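Student: Please work out how this folds:
(2 chains)
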There are 2 protein chains.
Amino acid sequence: MSIRVYMDHGAGRSVDPRVLEAMKPYYTERFGNPASFHSEGFKTLEALNAARGSVAQLINADPSDIVFTSGATEANNLALLGAALRNRKKGSKVMRSAVEHISVINICKELFRDGFEVVECPVDETGVLDLAELERLVDDDTVLVTVMVANGEIGTLQPVRDAAELAHGHSALFHTDATAAAGQVPLDVKELGIDLMTLSSNDIYGPKGVGALYIRKGVRVKPHMIGGGQENGIRSGSENVPGIVGMGEAARLARQEMEAESKRLTALRDRLIEGVLAAIPESYLNGHPTERLPNNANIRFSYIEGEALILSLDDLGIQLSSGSACAAKTLEPSHTLLACGLKHEEAHGSLVFTLGKNNNLDQVEYVIRELPGVVERLRAMSPLTPEELR
Amino acid sequence: MSIRVYMDHGAGRSVDPRVLEAMKPYYTERFGNPASFHSEGFKTLEALNAARGSVAQLINADPSDIVFTSGATEANNLALLGAALRNRKKGSKVMRSAVEHISVINICKELFRDGFEVVECPVDETGVLDLAELERLVDDDTVLVTVMVANGEIGTLQPVRDAAELAHGHSALFHTDATAAAGQVPLDVKELGIDLMTLSSNDIYGPKGVGALYIRKGVRVKPHMIGGGQENGIRSGSENVPGIVGMGEAARLARQEMEAESKRLTALRDRLIEGVLAAIPESYLNGHPTERLPNNANIRFSYIEGEALILSLDDLGIQLSSGSACAAKTLEPSHTLLACGLKHEEAHGSLVFTLGKNNNLDQVEYVIRELPGVVERLRAMSPLTPEELR
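Tutor: A predicted model of the protein is given here:
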């Protein structure tokens, strides 16, 4: 089977060929250490700073406020552990939404073990943060509030500007994980009032193993990676120059092409949702109907398991997730869907479509054509399926 | 000037073209997330495990004992913070040699701030660990001893097997940073009695931004990077598959080619040392005359500053370091040379030559030809130079 319909961009993306071209010289030709006091070092230092500028531009930040990391997970570790531990005197409470990425949730657990009170702010059934509840929960003892820009699994966009304002009303720091959103929706850290923002390289078609944390000037964080004092003492370790150059180029391209690409993806997404819901009885859209990422469709099918769907679709050349790939190994139901009020069995029967550059309308139509048969077959085998759907 | 004599392999290396070839498909073709439950995920998971096997083979470890990280600095963070914090009940003392890498030293400072007693074990004037002193210092309250395999700056090889034995005599864990040594000298974690070993990808001609920590089965460490539970829960964050594949290929090549390449480098190194010492009065070899890395020559020139030497040589197309690139930005004298008993001004006048694949005898002869003139010119300008050397 030569068909390959990869709709799992939330789990992993190809590197844009232009990004790879930009990276190549730094593997074999310009490989000096940016800390070295000679021409080879100066060249890579220059490349590092250019990349910093491009990443900064994507979110309207100052280049000096960008710290490169090994990925979004490390940026989240630096942001949350770093800000909470460094500003411990301010308070003992950390607040997060109920639908944060698994890394944010687990880092908050670590803060809890370290003596912080972790407060979870609920979301409504579409996954949108309950701002009234956040307002009630945030207080002067709150050191940090973290709410993602958008959930990569259900696609729901969050009211981060309002959440940041509520945090700042009590002098708490505001962190947002923009991993799933960057490159799809415009981000302006100044306009949104962000203190700390997590970015991932691969999620904007840059290489894996690179990320960045925006740290607003004046915000103090305790370094997470200790060593030679690179990245202004905030993140040690010899810089991954080719990776950082790649992330820079990816950010530059994202800034240029985001508007057109997001428009294209939105149309594909809407056709996909409409086509699947029309073709399959008892299928439902998870997340918000309109306030969602351009590339995300999360659809629930009653009476069947996501895992079985994934494997059957893989046989047809279609690659998808049944939840967050980052938590796939746990086999637990998605905490995001549970937070939206779904039952365990409902959460298990969901498919996550994350579209991207490699997808087109033909592929969407192929999925709309093939999926009903797969669902029907699986439902026929399920003891839960009611008679009229068999 | 088209001459380019890069002798700063300790600061940064080119990626072997064969390594880059092995990595490429994972950027643009095989980009699935290894945690995904579909064929694209299975393919990258397989690649990940193959790389784990290759890295394990380089040090005679079991593949399941290899944890991939974002580099040697992260591996050191995971090893030292992880082992000390996780095994705190065992004791409150951490021991390190006086010539460890800056990351190890700074991580130990963090452990000190966290309540551990950090004990520094001295070295002799050639940089070799004082084993008698280590024996005196290690006690039942010692939770961890860390001694590098070789110092990348002065090249001195350490008696890690003996040091490990002393640590184990008091049930302390033994960590070794093999960053500078791997790929140059044979390493066998079982034969050496290692509990934790840090490896760097770039130092074996793999990509930057990747490293690994060997963790002997049964040794418990607290995870440093918290998140989705990748790498068996020890190191979270979506895996940098192309980078890891690159490190795997680099390890495979290192294992095959190390013996011949180390022999070649040893000959170049010895010619370089002999040629420079013969041509330049008041020049001295730092480190051990024979127990040193095949690629390392560290030479001290009285009356002048390393920085000035570096810049003058750069004009001649020769790239070198005056100390550890990882600490270059601090402008402080090398703690390694100070630990060997050198005075501040002596430490400042040293050059570190780290040879590698790109170097050949012609380049070595070029350096031997050019260096005396540079030293002479700089000495002529130095007020410290005695009359007879002007």
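Student: Which residues of the stretch 151-300 of chain A lie near chain B?
Tutor: A:202, A:207-210, A:224-230, A:236-243 (CB under 8 Å from any CB of the partner chain). Backbone N, C-alpha and C define where each C-beta goes, glycine included.
Student: ok, 6 Å please
Tutor: Residues of the stretch 151-300 of chain A found near chain B, taking CB under 6 Å from any CB of the partner chain as the criterion, are A:K208, A:G209, A:M225, A:I226, A:G227, A:G228, A:S236, A:G237, A:N240, A:G243.
Student: can you tell me the helix or strand for the last one?
Tutor: When secondary structure is defined by DSSP states H and E, A:G243 falls within helix A:241-279.
Student: Between the residues of the stretch 151-300 of chain A next to chain B, which sits nearest B:A251?
Tutor: Checking these against B:A251 with CB to CB, the nearest one is A:G209 at 17.0 Å.
Student: who's in contact with that closest one?
Tutor: A:S70, A:G243, B:G209, B:N240, B:G243 (CB atoms under 6 Å, 6 or more residues apart in numbering or on different chains).
Student: all helices of the stretch 51-200 of chain A, in order?
Tutor: Applying DSSP state H, counting those that start in this stretch to the stretch 51-200 of chain A gives helices spanning A:72-86, A:102-113, A:131-137, A:160-169, A:189-192.
Student: Same list, these, but as JSON lines with mean pLDDT, distance to A:C340 and mean neighbour count please.
Tutor: Converted to JSON lines, the helices of the stretch 51-200 of chain A look like this (pLDDT from 0 to 100; distance: least, CB to CB, whole Å; neighbours: other CB atoms under 10 Å in any protein chain shown):
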{"stretch": "helix A:72-86", "mean pLDDT": "98", "distance to A:C340": "22", "mean neighbour count": "27"}
{"stretch": "helix A:102-113", "mean pLDDT": "97", "distance to A:C340": "15", "mean neighbour count": "21"}
{"stretch": "helix A:131-137", "mean pLDDT": "98", "distance to A:C340": "15", "mean neighbour count": "15"}
{"stretch": "helix A:160-169", "mean pLDDT": "98", "distance to A:C340": "18", "mean neighbour count": "19"}
{"stretch": "helix A:189-192", "mean pLDDT": "98", "distance to A:C340": "24", "mean neighbour count": "16"}
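Student: can you name the farthest residue from the center of chain A?
Tutor: A:E387 (39.8 Å; CA atoms, centre = their mean).
Student: What strands flank the helix or strand following the helix holding A:G243, and is each parallel or antiparallel?
Tutor: Moving toward the C-terminus from helix A:241-279, the next helix or strand (DSSP H and E) is strand A:283-286. Strand A:283-286 sits in its sheet next to strand A:296-301 (antiparallel), going by DSSP bridges.
Student: Report the buried residues of the strand it pairs with.
Tutor: Going by neighbour count (16 or more other CB atoms under 10 Å in any protein chain shown), the buried part of strand A:296-301 is A:N296, A:A297, A:N298, A:I299, A:R300, A:F301.
Student: who touches the following helix or strand past that strand?
Tutor: Heading C-terminal from strand A:296-301, the first helix or strand you meet, by DSSP H and E, is helix A:306-315. Contacts to helix A:306-315, defined as CB under 6 Å, 6+ apart, come from residues A:L320, A:S322, A:H348, A:G349, A:S350, A:L351, A:V374, A:L378, B:F37, B:H38, B:S39.
Student: CA atoms of helix A:306-315 as PDB?
Tutor: Extracted as PDB, the C-alpha positions of helix A:306-315 are listed here (Å, rounded to 0.1, in the frame of the first residue of the first chain):
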ATOM      1  CA  GLY A 306      -9.400   4.500  19.800                       C
ATOM      2  CA  GLU A 307      -6.500   2.000  19.800                       C
ATOM      3  CA  ALA A 308      -8.400  -0.400  17.600                       C
ATOM      4  CA  LEU A 309      -9.300   2.400  15.300                       C
ATOM      5  CA  ILE A 310      -5.700   3.600  15.100                       C
ATOM      6  CA  LEU A 311      -4.400   0.200  14.100                       C
ATOM      7  CA  SER A 312      -7.200  -0.400  11.500                       C
ATOM      8  CA  LEU A 313      -6.600   2.900   9.900                       C
ATOM      9  CA  ASP A 314      -2.800   2.400   9.900                       C
ATOM     10  CA  ASP A 315      -3.500  -0.700   7.700                       C
END
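Student: Return the distance of it from the chain's centre.
Tutor: 23 Å (CA atoms, centre = their mean, to the nearest Å).
Student: That one: what's the following helix or strand?
Tutor: Next element after helix A:306-315 (DSSP H and E): strand A:318-319.
Student: which helices and strands does the helix or strand following that following strand pack with?
Tutor: Next along the chain after strand A:318-319, taking DSSP H and E as the criterion, comes helix A:335-339. With contacts defined as 3 or more CB pairs under 6 Å, 6 or more residues apart in numbering or on different chains; DSSP states H and E, helix A:335-339 has no packing partner among the helices and strands.
Student: Go again with 8 Å.
Tutor: helix A:344-348 (3 or more CB pairs under 8 Å, 6 or more residues apart in numbering or on different chains; DSSP states H and E).
Student: one step back: of the residues of the stretch 151-300 of chain A next to chain B, closest to B:T44?
Tutor: Using CB to CB, A:K208 comes nearest to B:T44 of those, at 9.9 Å.
Student: residues contacting that closest one?
Tutor: Residues near A:K208 by CB atoms under 8 Å, 6 or more residues apart in numbering or on different chains: A:G12, A:G71, A:S201, A:N202, B:F31, B:S238, B:E239, B:N240, B:V241, B:P242, B:G243.
Student: Any chance of a markdown table for the residues of the stretch 151-300 of chain A next to chain B, columns distance to A:D8?
Tutor: Output for those, formatted as a markdown table (distance: CB to CB, whole Å):
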| residue | distance to A:D8 |
| --- | --- |
| A:K208 | 14 |
| A:G209 | 19 |
| A:M225 | 29 |
| A:I226 | 35 |
| A:G227 | 35 |
| A:G228 | 37 |
| A:S236 | 33 |
| A:G237 | 30 |
| A:N240 | 25 |
| A:G243 | 22 |
